[in-house]
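> sequence plus predicted model, see below.
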Amino acid sequence: MKMTTDLDEAEYRLPRNARPVRYVLRFEPNLNEATFIGDLALEFEVDESTQQLVMNACELAVGESSIARGWISAGEALSENQEVVVTLDERLERVTFGSASMLNPGHYTLSTSFTGALNDKLCGFYRSTFIDDDGIEHIIATTQFEDTDARKAFPSFDEPDRKAIFEITLDVPNDQVAVSNGPEISNESLAGGKRRVRFGPTIPMSTYIVAFVVGPLEATDAIDVDGIPIRVLTVPGKTHLARHALEAGAHALRFFT
């Protein structure tokens, strides 16, 4: 007997009345407690009037949120923040930001905060470990978002065609290395033995390509590939083993370019 299943697009695709343009994200992982906190300023554009902004979120607790009209990146002054009602749907892995007033076509900024766990499932924003030569265990916080696990790290339009610019900031202990997609543009000291590492804006890209890593790592010296610097990160004491990875990375970049 032949069986078919009719899928309702609303069950697995986000509404198309709004689209992301720029995510400004900050994360503060706690490696020992396997948790993280974060905040997001999302610049988005409304194409069709709506009272709801629907995004993906999974295994996150989302805090108080607000929406203002305007984009700071475009030099626009933001309107007064309007609080929104946050509703989580665990089955559909969605978060809805409900507005009391209509969001008419135009530029808007969503401000929200969230918390989550550094899971042990090798997906989303997760906790990994390695044992050094002295038998001591070290912890790394790292990401794997392909294909739809960015939603486990931050509220997002977690569909491949919903490309946007990402600006990542990581608040990390002073003894930890922090890396992300963009080039490091600032590194400032914070209280409590921490520092804030900011990375430059990416090109417009899918959520599954976003990446960030925090941990006791070492980086090779950069090699230049037609104007693009490439490094390889390793656990401490292993950079001498990275030559093949550097050569393969250089070849791949030239080939795909």
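That came through, no problem. Fair warning: this is a prediction, and the values are worked out from it, not measured in the lab. Numbers count the residues shown, from 1 in each chain.
> ends of stretch 110-130, what's the gap?
38 Å (Cα to Cα, to the nearest Å).
> avg pLDDT for it?
Stretch 110-130 shows a mean pLDDT of 97.
> could I get the buried residue list for it?
110-112, 114, 116-118, 123-127, 130 (16 or more other Cβ atoms under 10 Å). All C-beta atoms are positioned from the backbone trio N, CA, C, and that covers glycine.
> which ones among the residues you listed are found in strands?
Secondary structure from DSSP state E places L110, S111, T112, F114, G116, A117, G124, F125, Y126, R127, F130 of the buried residues of stretch 110-130 in strands.
> ok, now which ones touch the second one?
Looking back up the chat, that one is S111. D39, L40, A41, S65, S66, I67, A68, N81 (Cβ atoms under 8 Å, 6 or more residues apart in numbering).
> can you check the first one too?
With contact taken as Cβ under 8 Å, 6+ apart, L110 is in contact with L40, A41, L42, F44, L53, S65, S66, I67, V84, F97.
> so it bridges to which residues?
L42, I67 (DSSP bridges).
> list the helices and strands the top helix by length along the chain packs on?
Ranked by residue count and defined by DSSP state H, the top helix of the chain is helix 243-256. Counting by 3 or more Cβ pairs under 8 Å, 6 or more residues apart in numbering; DSSP states H and E, the packing neighbours recorded for helix 243-256 are strand 223-225, strand 228-230.
> need the phi and psi values for the closest residue in space to F199 that isn't next to it in sequence.
Residue nearest to F199 in three dimensions, not counting chain neighbours: G182, with 3.8 Å by Cβ to Cβ, 6 or more residues apart in numbering. In terms of degrees, to the nearest 10, the main-chain angles of G182 are phi -80, psi 170.
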